[in-house]
Every structure is written in structure tokens, then in C-alpha cells.
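S.K.: no sequence on this one, just coordinates:
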């Protein structure tokens, strides 16, 4: 928790103080939720589509649809669609209309791509819409749903034209024939052909052996390709209804990697398919069925047993929490394991996974929260167990020390508990009444103190943010605007701004309306394992961290800025940053925060 807070503070200060003066873009303020003052990050990506003329790109994300210039990558517009983001986006053949689908929603939304204006909402399905497709002339849109029906709509009027009934399972895929006269649709068992004019089901139907994920027509309209959950692509003749051939990648026996999407090239000679969770695109010869090439999009990364980690206040140590209830301390100088706390090596240990950890401000004590519903305090120097805080009824998902080190707040699904750090006494409970009144907003994920210790901020599983009074336990204010679970919250040093990070891929800044004095340093002449020393103030922490923070700018061959981002020194001559910051451009330059001089960067690989 401490590491997350520090990182958010650095990021917050960096963006607020420096980026607005260099290559600033106002897209961070587009369509903000009420109470938010800026947004960083653009949401998790669910779908990508080019405009038909190739001039622009639409990206469906957890917060809406971003429109980019395809040549310059400049942000042109943001379509905000409700509170749940966009799962799919596609364009009419002329590019004038965009259709969007929200996961789990029963409707389809139509948008003007020139103005971003919402045109129509297509309403009629009784269950969630799974797939949509424009006719070749763009006048009709077909939608397939979990209600086992296909519906046809007019794109100009939004009027429902007809309902096609015949499927017995959820419809997973739908496609118009090149001449627009026929629709092919697929569910888990069958592939159906429909006459668009009459809405009648053509016979006989195709019976695929595996659950079909995607169907498409060949460019000449004489064949369809179907990709299924067993990793097979089957080609069928429209005229004879016979199976022509099966495309299958060589794989170990009993190994099945589902086909995600399948598509013909415009000349009909190549079939491209996506391969489920492997993030691989397969290229096939449509005539012979032979695999021509595999395009690996991303390297698959396997999960480890580490469930949480945090830095010590002096950055000399990392604590990691594992799936066996132990805490491991690692040196950041040597990256060697220094000590194991808890686990089977040092009872009394956590009996289940450690989900969260936080160092005390002086770095002498570490608090750990676990799936065993407890918070445990440990001496960092010896690994000795100090005490166990019991009172939660669910997994402890977040824990945080106040900046003066006197209190600890911990969060589980149902409640926030406030503890005296020195005695372990439970002081207050937050959120219990709201939870038992069936309010889902308080399924807590994350928690932090304001700089003066008078307010606690919490982020919830159901996208909300709450501010609580420490003295009265009362809910003071709520914020809503994220489309997915809020995983981290952190106050600015003056307490006036709150940063929230979410699974929706964005960080939002909120005006708290508070102006709080910072905690005064405590006099301390003794240092012992029973007493914590004076913590650094947030300004001191930020000052030390910002000294290592740099602004990185990418330039083209003519010295024109292309993009910018942040980084930080991890060694004297070594800067760490995100790959996307430096992947383009001919020249990389940087300057330290608060300095005027620019330096060149040499890529080390």
C-alpha cells in the first residue's frame, strides 16, 4: 500500500507540475465524471477497428471509444458510453456510423463518427447482445443475443425490421453475405443461413461438431469458414452444404486451443484466425488448408505465487507476500532474499495467502493482511511476531499506516477497521451499517489515510470511492466514475486531491474539497522496536522521489516532439520507463524534474 501511494503521489505531481507545460493534450479532461479534475490512462482495450478509409482508428475500452488519427496517433474524440465501457466497436461500410456493444447489455448504440453524437439505441433483445454486423450497403445491422434470436434494424431510423427465430443456444457470431441477401449465424451447435428479405431460415442447416466462436463468408459468397472451441476451422460449401475441408494446427494429442476469430483476405486466398489465449494469429492457405505462418503477438507470461509486495520507506528493501502465508524481505541492492517472516519457518504464521502489506513510516514494522481474515504486525529487523489484529470476517485486502504511525486501517469486503498501532486495540469500524443495508458500494478493495490522519479514503469493488471521517466513522463524501473495480487510492500531500487507480486502466484525480494541515513531526529521542521514529512528511517523500524522476521526450529526425512520458533513475546512469514511451522516434532526450538542461538517451536494449 505504501509503495502504491508513493507511486501515485509521484505520478500525480509529475503530471500536474510538468507535463501541462510540455506537449500538453487536453484529452485528460474529456468527458470526466462529476467531481473528477483529470484522467490519466485511457482504459483497458477490448476491441480495435479501423475506419473503412483507413484514416482513423477506433479503440473500444473500459471507459468508452477513443478515436485516433491513424497517421499521427493524435486523440480526436472520446465517445463515453454509460458506466460499463465498450466491449465491441465496428463501422458501417461508409464509415459514417459506429456501432458499439457494452458487455452484458441488451442494446446496441449507434454513433456519428464525425461529431461523436449518439444517434440511436437499438432496444428489443431480452438478454445481452453478443455480436453485431452491418450489411454491405450499411442500411441494415444484425444483432445476435443470448436470448437466442437475431434482430435486424434500420441504421437510418433505428427501427426494428424483423426477428429471426430458430437458434436453440446463445448466438456467438453473425455475418452478411457479400451481396447482402443472406445472413449466416452460429450458436454452440448449429450454423444457420437466413434469407434477409423474408427472414426465413434456409434448409438444411450446418451441424458443426464443436461450439462455433466465429463465422464468415468467403468474398465470392460461395463458402463459409467456421472457427470453434476445439481449435478447428471448417470450410463449408454454400451450394452443396457439404464440408469441404478442415484446417487444424499440429498440436500435442488432446490439446485444444480455441479459435477466437476467423476472416478471409479480400481475394479469398488466405484465411486468418486468432488463437484464443495464446495471442497468436494463424495464416492459412484457403485452397489447400495448409498453415502458412504463425504470428506471435505477445509472449505469454505465467503467474507466480506472489500475491502482493511493497517497498520499505528507505527503498532498501522489498517485502513480498506469498501464497503460503509468508512474507519475504529482499535487498534492493543485491536482489537477494534477506529474511522470511511467518510461513512454516516462523510461527505464528498466516494460514492463508498474504494479500497486502505496508511498512510503518519509520520502516521498523511491517503489517500484513491475509485471506485468513487477520492483520499481523512484525518487526522487520528480527522477523519477530508482535501481535495479531482480529476482527475482520473476510479476506483482508488492504492495510495502511497513518503518516504519524499511530494508527492502522485495514479493509476487507464488508468493513474498514481502525486500530491503535501500539496496542492493537480496535478503535472504530467503518462501513458496517452501509453494508448490511445492502449497499454494494462498500465491498472494499483499497484504503489510505489523508495526510493529517483525519480522513480515510476507500476504493470499492463496485467502482466507487468513499471518504470517511476518522473521528465520527461517518461517510463524508463519495465519488463515482470508474467503470471497473477501484484498486488503489492515494491523497496528494495537501489532501486537496485524491488519485484513484482502477482495473478499467485509468487513474482519475478528484477534488476532495479538503484543505488539511500536515501532521507535525513527533519528538523522538529513543529508537526501539516498541516505538516508531518520526516519518518523513509527504513533501519530503515526494522531493526525494522526484529527484530521481525524469521527463522523456521522443523527437523525429527534424527534432520535432512526437511523444513524451516519465521515467526514473534506478542506477546512476540507468533510467527505467515504459516501452511504449521510447518505442518510436529517432532521438530520445530527457531532463530531471525541476531542472532545465536536456540530455540524450542511449538505448541499452
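M.R.: Structure received. Just so we're clear, the structure is a prediction, and the values are computed from it rather than from any experiment.
S.K.: so where's the stretch 51-200 of the chain uncertain?
M.R.: Residues of the stretch 51-200 of the chain meeting the criterion pLDDT under 70: 81-84.
S.K.: where does the stretch 301-450 of the chain have low pLDDT?
M.R.: 301-309, 322-325, 335, 342-348, 432-442.
S.K.: mind listing the strands for it?
M.R.: For the stretch 301-450 of the chain, strands defined by DSSP state E, counting those that start in this stretch occupy the ranges 308-311, 317-321, 326-331, 337-342, 354-359, 365-370, 374-379, 385-390, 398-401, 407-411, 416-420, 426-430, 444-449.
S.K.: which helices and strands sit right next to the second one?
M.R.: In this structure, strand 317-321 makes packing contacts with strand 308-311, strand 326-331, strand 354-359, strand 365-370, judged by 3 or more CB pairs under 8 Å, 6 or more residues apart in numbering; DSSP states H and E. All C-beta atoms are positioned from the backbone trio N, CA, C, and that covers glycine.
S.K.: partner strands of the second one, with direction?
M.R.: Here the strand partners of strand 326-331, with direction, are listed using DSSP bridges: strand 317-321 (antiparallel), strand 337-342 (antiparallel).
S.K.: so which of those strands is the most surrounded?
M.R.: Burial of these is given as mean neighbour count (mean count of other CB atoms under 10 Å); strand 317-321 ranks first at a mean of 22.
S.K.: the inter-axis angle of that one versus strand 365-370?
M.R.: 20 degrees (axes from the mean of the first three to the mean of the last three CA atoms, to 10 degrees).
S.K.: residues contacting strand 317-321, please?
M.R.: The contact list for strand 317-321, computed with CB atoms under 8 Å, 6 or more residues apart in numbering, reads 306-312, 327-332, 338, 353-357, 359, 363, 366, 368, 370, 380.
S.K.: for residue 166, which of the helices and strands packed on strand 317-321 is the nearest?
M.R.: Smallest distance to residue 166 across the helices and strands packed on strand 317-321 (CB to CB): 48.4 Å, for strand 354-359.
S.K.: and that closest one with strand 374-379, angle?
M.R.: Using the same axes, to 10 degrees: strand 354-359 against strand 374-379 is 40 degrees.
S.K.: strand 444-449 and strand 354-359, what's the angle between them?
M.R.: Angle of strand 354-359 versus strand 444-449, following the same axes, to 10 degrees, is 10 degrees.
S.K.: flag every buried residue along strand 354-359.
M.R.: 354, 355, 356, 357, 358, 359 (16 or more other CB atoms under 10 Å).
S.K.: same question, stretch 66-74
M.R.: For stretch 66-74, the neighbour count (16+ other CB under 10 Å) marks 66, 67, 68 as buried.
S.K.: out of those residues, list just those in helices.
M.R.: Among the buried residues of stretch 66-74, no residue falls in helices (DSSP state H).
S.K.: right, and residue 443 touches residue 415 too?
M.R.: No - contact criterion CB atoms under 8 Å: residue 443 and residue 415 do not qualify, at 10.4 Å.
S.K.: how about the strands paired with strand 326-331 in a markdown table, adding distance to residue 431?
M.R.: Formatted as a markdown table, these follow (distance: least, CB to CB, whole Å):
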| stretch | distance to residue 431 |
| --- | --- |
| strand 317-321 | 24 |
| strand 337-342 | 28 |
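S.K.: out of these, nearest to residue 588?
M.R.: Checking the strands paired with strand 326-331 against residue 588 by CB to CB gives strand 317-321 as the closest, at 28.4 Å.
S.K.: just the element for residue 215, please.
M.R.: Using DSSP states H and E, residue 215 sits within strand 212-217.
S.K.: contacts for the helix or strand following that strand?
M.R.: Next helix or strand after strand 212-217 toward the C-terminus (DSSP H and E): strand 223-228. For strand 223-228, the external contacting residues (CB under 8 Å, 6+ apart) are 175, 184, 186, 191, 206, 208-218, 233-238, 244, 258-262, 264, 271, 273.
S.K.: so the nearest residue to residue 171 once chain neighbours are set aside bridges to which residues?
M.R.: Nearest residue to residue 171 in three dimensions, chain neighbours excluded: residue 144, at 3.3 Å (CB to CB, 6 or more residues apart in numbering). Applying DSSP bridges to residue 144 yields these beta-bridge partners: residue 131, residue 150.
S.K.: which ones are touching residue 144?
M.R.: Listed by CB under 8 Å, 6+ apart, the contact partners of residue 144 are 129, 130, 131, 132, 150, 171, 172, 173, 174, 185.
S.K.: beta partners for the last one?
M.R.: Applying DSSP bridges to residue 185 gives these bridge partners: residue 174, residue 192.
S.K.: quick one: it and residue 321, what's the gap?
M.R.: 48 Å (CB to CB, to the nearest Å).
S.K.: and if you look at the third one?
M.R.: Relative to residue 321, residue 131 is positioned 41 Å away (criterion: CB to CB).
S.K.: can I get the strands of the stretch 301-450 of the chain in CSV with distance to residue 74?
M.R.: Shown next, in CSV, are the strands of the stretch 301-450 of the chain (distance: least, CB to CB, whole Å):
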stretch, distance to residue 74
strand 308-311, 36
strand 317-321, 39
strand 326-331, 42
strand 337-342, 47
strand 354-359, 39
strand 365-370, 43
strand 374-379, 48
strand 385-390, 51
strand 398-401, 38
strand 407-411, 40
strand 416-420, 43
strand 426-430, 44
strand 444-449, 33
